[in-house]
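[1] quick check, what structure comes out for this input:
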Amino acid sequence: MARPPLRSLVSVNTALALVLVSFGHAGALPLQHAVVVDGPSPEDTRTMARAWAAMQPDASLTPIHAERCSNGDQNACIELGHDYELGVGVDQSRDRALELYGTACSKGLQTGCAEVASALVERNGPGDLDRARTLFDTACRRKNGAGCLGLAGMAYVGVGEPKSDEHAAKYLKQACAAQELAGCRWLGDLLDAGQGTKQDSTQAAKLYERACDRGDAAACTNLGYLYYQGRGVPKNQAKGTALSERGCTGGSPVGCANLGRDLWDAGEKERARRFLELACAGNDPRGCRSLGKWHTTSGTAENAVVPFARGCALGEAVSCNELGLLYTNGPGVGKDAKLARDSFAQSCAGSSAVGCFNLGLTLEDEGQLSAAVPYIRWACEQKEMAGCAELARLAFLGEGVPQDRALAARLWQQACDGKYAQGCTELGTMYEHGTGAAKDDARAAALYEQACNGSDAVGCTWLAIQLREGKIPADLPRSFALFKKACEMKHAPACSELGVAYERGQGTPRNPRAAVAASEQGCRGGDANGCYNAGYRYRDGGDGIRQDPTQAAAYFGKACDLDMAEACSELGAARELGKGIPKNTAQAVTLYLKACSKGSGEGCTNLCRVFMLGLIVKKDVQRARLYCQSACARNEADGCLKLGWMLHEGVGGARNVAAARAMARKACSLGEKLACDVLPRF
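    The predicted structure is shown next:
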């Protein structure tokens, strides 16, 4: 049974989700109807740079702030407090900042009181939260929007007062009424989500528009999102794009990220990259993640490390997970198991079920099963269905947990019900083979079909085999169609089976050329049967297929490398005779030994032959007889015939006519015509 692969939370497709700027409110955007706009021109880039620069503290203004503050300008004192808080133009000192804010507050400037309150919330020392709430409340009562905004934040998070979305919404209404644009935008978020107030996307759109028109770039971004969704406003992709661009040029990193993903989906990859770079530079973690994805899908994976790492450092667990995948697979950066594990651990610490699942698989690979299981179990509990499927596999095998196949069945059912198609396939296998569940081919087929409909190629293949073999009512045309579907989904065994269907004309007109092509595709995907079938066809030729011993040997070699015993025997024969490859009898014997040891009756028969005749090895009839016994035990007709002759003649051991007759009879029943002819003489 297959272990689930490492998981990425997001598809490479840019339906990565456009996001609202606010209290973490996000939504997914179906971007397939994206409207193409030009990427940022040099002038656009300069405009964005100016907008963003205007949002950054300017050290050259610090002396001006200090002079004006000393002359009694309390607004300048607040700006000077910001300089001290951030360390711009002066040595960083939060105590000095708090002192300046306090002075402004004592002079009656409510914005100063709100700044003091914010600093106290951040410091969170004894009594700080109570004092902060009092200051915010006083400022808010005096119609200061920043004070109302502070109260809303405390109520929303539940800091300094009980958590209450209703109270947060009430304070945000007051902040908005006091012309605090962020208050209008955040109130719009709550209205759109129906948090703390009746859901009203139409009113949310009006608030976003009001804030956007007055210069709140994030509000433009959020309004664009509503137009993308058609929520509260008529759906309008072009307007959504224009608003995202307006948000971006106004300094909203999320607006840049939304616009970049929009352009990416529309096929404007280079322009998209430039906007995503702006978003990441503006510390939007999703913008960083999208930029990393852009690089991993554009052949520049080595450039994905920085944006993924930045997104991870900004606290986005999904970016940490993507960074772990990058170090696991190593494209462009080289594999690094420790960095991968650490990245998955950071993602998991951020409560990402996918990150915990991947951490569990990584620990499994390191042989730390007991450490892996809790992470995999937690991922399953958080509805990460790949985690449930892996936990089922471990329970089925008894690896890391007590063996419990009934539990495995329940977990695979849970994964299947959760739309994880591989879970349906594994549960179907239990029913088909009666392992851990009562044998039920009809139930197995239904599960395989569910898996196949969920794009699990293995489920399609197993259903096709059931239809071909009549385990359920036979349907060769449908079986053929399913093999073809699974092959197109890159399932190598399905391609090999498709080749068999073409070769035999099962469910489709016989087509040997198509059979060879499908077998070769299966071989390229790593399926030994495909390699063997292609080798067999090139060895014998016919039906429009050119006989090609070199190709035959090459394909038998690939199948042998994949541990297919019969292919090793065929490759040994090619080595012995020098067909398609240089003759090398020592290697031929080695290949026959490998084939026989892995269960090939033909390989054992070849060993019987060479040791009996002593042509390429020292003659040893006792050893030859043992190999013929092994061949016949594996139902190799020629081996049974040779063993019968040796028993009849007493070669390599005692003569035994009755046993010789039995071996000849078995060889005849296995289709060896010569055995049928000589049987009367025995």
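[2] how about the helices of the stretch 151-300 of the chain, start to end?
    Applying DSSP state H, counting those that start in this stretch to the stretch 151-300 of the chain gives helices spanning 165-177, 181-193, 201-213, 217-229, 237-249, 253-265, 269-281, 285-296.
[3] packing partners of the shortest one?
    Spelled out, it's helix 285-296. helix 253-265, helix 269-281, helix 305-313, helix 317-329 (3 or more CB pairs under 8 Å, 6 or more residues apart in numbering; DSSP states H and E). C-beta coordinates here come from the backbone N, C-alpha and C atoms, glycine included.
[4] off-centre distance for it?
    Centre-to-centre, helix 285-296 and its host chain are 15 Å apart (CA atoms, centre = their mean, to the nearest Å).
[5] again, but for the second one
    When distances are taken as CA atoms, centre = their mean, helix 181-193 is centred 34 Å away from the chain's centroid.
[6] compute the inter-axis angle for that helix and helix 201-213.
    Angle, helix 181-193 to helix 201-213, by axes from the mean of the first three to the mean of the last three CA atoms, to 10 degrees: 160 degrees.
[7] for the record, mean pLDDT for helix 181-193?
    When pLDDT is averaged over helix 181-193, the result is 95.
[8] hey, C-alpha coordinates of that helix in PDB?
    Once non-C-alpha atoms are left out, helix 181-193 reads as follows in PDB (Å, rounded to 0.1, in the frame of the first residue of the first chain):
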ATOM      1  CA  LEU A 181     -10.500  55.200   8.200                       C
ATOM      2  CA  ALA A 182      -9.100  52.000   9.700                       C
ATOM      3  CA  GLY A 183     -12.200  51.800  11.800                       C
ATOM      4  CA  CYS A 184     -14.400  52.000   8.800                       C
ATOM      5  CA  ARG A 185     -12.400  49.300   7.000                       C
ATOM      6  CA  TRP A 186     -12.400  47.000  10.000                       C
ATOM      7  CA  LEU A 187     -16.100  47.500  10.600                       C
ATOM      8  CA  GLY A 188     -16.500  46.500   6.900                       C
ATOM      9  CA  ASP A 189     -14.600  43.300   7.600                       C
ATOM     10  CA  LEU A 190     -17.000  42.400  10.500                       C
ATOM     11  CA  LEU A 191     -20.100  43.300   8.500                       C
ATOM     12  CA  ASP A 192     -18.900  41.100   5.600                       C
ATOM     13  CA  ALA A 193     -18.100  38.200   7.900                       C
END
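[9] name the residues that touch that helix?
    Applying CB atoms under 8 Å, 6 or more residues apart in numbering, the contact partners of helix 181-193 are 20-23, 25, 145, 148-149, 152, 165, 168-169, 172-176, 195-201, 203-205, 207-208, 210-211, 214-216, 218-219, 222, 226, 231-232.
[10] in that helix, what counts as buried?
    Neighbour counts over helix 181-193 (16 or more other CB atoms under 10 Å) mark 181-193 as buried.
[11] what does the first one give?
    Going by neighbour count (16+ other CB under 10 Å), the buried part of helix 165-177 is 165, 167, 168, 169, 170, 171, 172, 173, 174, 175, 176.
[12] tell me how far it lies from the chain's centre.
    Per CA atoms, centre = their mean, the displacement of helix 165-177 from the mean C-alpha position of its chain is 41 Å.
[13] one step back: turn the helices of the stretch 151-300 of the chain into a markdown table, columns for distance to residue 623.
    Below are these laid out as a markdown table (distance: least, CB to CB, whole Å):
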| stretch | distance to residue 623 |
| --- | --- |
| helix 165-177 | 84 |
| helix 181-193 | 80 |
| helix 201-213 | 84 |
| helix 217-229 | 77 |
| helix 237-249 | 78 |
| helix 253-265 | 67 |
| helix 269-281 | 66 |
| helix 285-296 | 56 |
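[14] deepest of these, which one?
    Most buried of these, by mean neighbour count (mean count of other CB atoms under 10 Å): helix 253-265, with a mean of 30.
[15] what about that one, average pLDDT?
    92.
[16] not counting sequence-adjacent ones, nearest residue to residue 595?
    Nearest residue to residue 595, sequence neighbours excluded (CB to CB, 6 or more residues apart in numbering): residue 603, at 2.6 Å.
[17] and that neighbour, what does it touch?
    Contacts for residue 603 (CB under 8 Å, 6+ apart) come out as 565, 566, 568, 569, 572, 591, 592, 593, 594, 595, 596.
[18] what does it show for phi and psi?
    The phi/psi pair for residue 603 (degrees, to the nearest 10) reads phi -60, psi -40.
[19] then residue 298?
    The phi/psi pair for residue 298 (degrees, to the nearest 10) reads phi -120, psi 10.
[20] count of neighbours near it?
    Around residue 298 sit 13 other residues, with neighbours defined as other CB atoms under 10 Å.
[21] could you find the closest non-adjacent residue to it?
    Nearest to residue 298 is residue 269, by CB to CB, 6+ apart, at 6.8 Å.
[22] turn the buried residues of helix 165-177 into JSON lines, columns for distance to residue 640 and pLDDT.
    Listed next are the buried residues of helix 165-177 as JSON lines, based on distance: CB to CB, whole Å; pLDDT from 0 to 100:
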{"residue": "165", "distance to residue 640": "81", "pLDDT": "95"}
{"residue": "167", "distance to residue 640": "88", "pLDDT": "96"}
{"residue": "168", "distance to residue 640": "85", "pLDDT": "95"}
{"residue": "169", "distance to residue 640": "86", "pLDDT": "96"}
{"residue": "170", "distance to residue 640": "91", "pLDDT": "96"}
{"residue": "171", "distance to residue 640": "90", "pLDDT": "96"}
{"residue": "172", "distance to residue 640": "88", "pLDDT": "96"}
{"residue": "173", "distance to residue 640": "92", "pLDDT": "96"}
{"residue": "174", "distance to residue 640": "95", "pLDDT": "96"}
{"residue": "175", "distance to residue 640": "92", "pLDDT": "95"}
{"residue": "176", "distance to residue 640": "92", "pLDDT": "96"}
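[23] and of those, the nearest to residue 431?
    Nearest to residue 431 out of those is residue 165 (CB to CB; 47.4 Å).
[24] contacting residues around residue 133?
    Residue 133 touches 117, 151, 154, 160, 161, counting by CB under 8 Å, 6+ apart.
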